[in-house]
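Trainee: just to be clear, the model below is a prediction. Sequence and coordinates:
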Amino acid sequence: MAGFFAPPKPGKPVPEEKVDRFYKSMRFKVFMGSFVGYAAYYLVRKNLSLASADMIAEGLADKQGIGIAASAVSIAYAFSKFVMGTLSDRSDARKFLTVGLVIASLVMMAVGFLPFSTTDMSLNIAMLFVIMLFVGVISGMGWPPCGRVMAYWFSNNERSFKMSLWNTSHTFGSGTLGILAIFGVNLFADMGIRQTWRADFIVPSAFALVLAAFCWWALRDTPESCGLPSVADWRNDHSGVKTKEKVGEKPSFRTQLFDYVLKNKWIWLIAFANAFVYLVRYGIGDWAPTYLQESGIMTASESKMAFSVHNYVGALGTIVCGWVSLKFFKGKCAPPNIIFMCLVLVGCLVYWQVPAIAAATGISPKTLVYISLILIGFCIYGPVALVSIQALNLVPKNAAGTAAGFVGLSGYLIGDSLLSKIVVGSVADTSWDLANMTIVIGAVLGIVVCMLTLKSERKSDMIS
């Protein structure tokens, strides 16, 4: 198996007169392959969030149980990114990403065929937890090969912009999940299938398998494997490219983890900020379909459409937040994070008080939901991206991966799995009003902690 995943050997050199044209063509293909591939992983990660309302209505699970089961994806994914990142550095990105996507798709599709018990809810939750845990592990095969592809095919002085465009792939994936779920549920209803929620698992997974075939066609590991020169040589861009002899020996893992990360108070603050950002991100996104249906504000199809719109606008918001950082704050991350999180707080307040605002103003509750979800979606994904960049700027370059992993671990393990899944799910079993208030409190704490990191960027200017 290790031989199958091994990186390909250098290909036969392409004739010099054909290099430019072939390079441009291949760069577009591999970019689209990585973009579509990572988006496809999101078609098989959040399916339970869309199916949960109907499963709860049928007595197959409760909100606390759904929250626990859904947390398994985040718990496993948080640790899997560390392990899979190491493995992907020694693997063919094309095979690594595609094989992981196929496995995740087949497993998530299988959930749609499981014979859930109508009498033993705990058994259902246990099955879902184990399956989601496995999906979370396999999902870790998505990001690392994409990072590898972007590093090998795009040079230093263009990579930040290309990565900002690529980073919108997960919002497109999440948004498309909702659209496919609507299509699938309607299709199952037309076919006379009573448990239409099974389509939330089956149809997006089937589509992800089709996209896996596209990724296999489009992706290639490195330019050299295609017989092309390195991208640094082709673009004559050797900025930031240093040899090991010039920068010295790589520090030990202990030095990277303890001296550069765990002993850095700013990294801890940024990790806590990331946890609250993720609480809002997933507390709203993952629970919106269930809340909107149980509260009677929207139908199942309408709530899935709102879920999709919420995610789609995040793509534009990510780019705008990055532009604001560059244009007005000289690349600093804390100020735009604070601004965008304040707007997120406004959106969360409207989302929480939709019934009261609708009664006082006469505005349709559905309209208010769309306004709040669009505002939250547009503004939350910028801080998601910039918080990680802020952490990278606070450590030496040879500890960047460790810092990013630590901050990401906090986001997924504390913010997503513990707070947004288990805590919000448990509170929602008592009251949706209290659950939405919990998310509002998370947004407030996110703003406060982001404000505490303002001084950190003065320190980052001194780090080389």
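Mentor: Alright, I've got the coordinates.
Trainee: so what's the residue count around residue 213?
Mentor: Number of residues near residue 213 (other CB atoms under 10 Å) recorded here: 12. C-beta here means a position set from N, CA and C on the backbone, and glycine is covered the same way.
Trainee: can you give me the strands in the stretch 151-300 of the chain?
Mentor: Applying DSSP state E, counting those that start in this stretch to the stretch 151-300 of the chain gives no strands.
Trainee: hang on, residue 142 packs against residue 44?
Mentor: No: contact criterion CB atoms under 8 Å: residue 142 and residue 44 do not qualify, at 9.9 Å.
Trainee: overlap in contacts, these two.
Mentor: residue 101 (CB atoms under 8 Å, 6 or more residues apart in numbering).
Trainee: residue 56: which element?
Mentor: Element membership for residue 56 (DSSP states H and E) is helix 47-57.
Trainee: what's the answer for residue 136, then?
Mentor: Using DSSP H and E, residue 136 sits in helix 121-139.
Trainee: who touches that helix?
Mentor: Counting by CB under 8 Å, 6+ apart, 41, 44-45, 48, 59-62, 65-66, 68-70, 72-77, 80, 100, 103-104, 107-108, 110-111, 114, 116-117 sit against helix 121-139.
Trainee: any idea of the angle it forms with helix 47-57?
Mentor: Helix 121-139 runs at 170 degrees relative to helix 47-57, counting by axes from the mean of the first three to the mean of the last three CA atoms, to 10 degrees.
Trainee: pull out the buried positions in helix 121-139.
Mentor: 121, 124-125, 127-129, 131-139 (16 or more other CB atoms under 10 Å).
Trainee: again, but for stretch 202-211
Mentor: Within stretch 202-211, the residues scored as buried using 16+ other CB under 10 Å are 202, 203, 204, 205, 206, 207, 208, 209, 211.
Trainee: ok, now stretch 440-457?
Mentor: Of the residues in stretch 440-457, 440, 442-447, 449-450, 452-453, 456-457 count as buried by neighbour count, 16+ other CB under 10 Å.
Trainee: please apply the same query to stretch 367-386.
Mentor: Using 16+ other CB under 10 Å as the test for burial, stretch 367-386 gives 368-386.
Trainee: again with stretch 340-348
Mentor: Buried residues in stretch 340-348 (16+ other CB under 10 Å): 340, 341, 343, 344, 345, 347, 348.
Trainee: domain ranges for this protein?
Mentor: Here the domain parsing of the chain from automatic domain parsing is 11-230, 255-457.
Trainee: just how off-centre is the longest one within its chain?
Mentor: It stands for domain 11-230. Counting by CA atoms, centre = their mean, to the nearest Å, domain 11-230 is centred 10 Å from the centre of its parent chain.
Trainee: start to end distance for it?
Mentor: End-to-end distance for domain 11-230, by CA to CA, to the nearest Å: 12 Å.
Trainee: what does stretch 407-422 give?
Mentor: Stretch 407-422 has an end-to-end distance of 20 Å (CA to CA).
Trainee: how about residues contacting it?
Mentor: 64, 67-68, 70-75, 77-79, 81-82, 267, 270-272, 274-283, 286-287, 387-388, 391, 439, 442.
Trainee: 7 Å - rerun?
Mentor: Under the criterion CB atoms under 7 Å, 6 or more residues apart in numbering, residues 67-68, 70-71, 74-75, 77-78, 81, 270-272, 274-279, 282-283, 286, 387-388, 391, 442 lie in contact with stretch 407-422.
Trainee: mind putting the domains of the chain in JSON lines, distance to residue 238 included?
Mentor: Converted to JSON lines, those look like this (distance: least, CB to CB, whole Å):
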{"stretch": "domain 11-230", "distance to residue 238": "8"}
{"stretch": "domain 255-457", "distance to residue 238": "16"}
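Trainee: brilliant, that's me finished.
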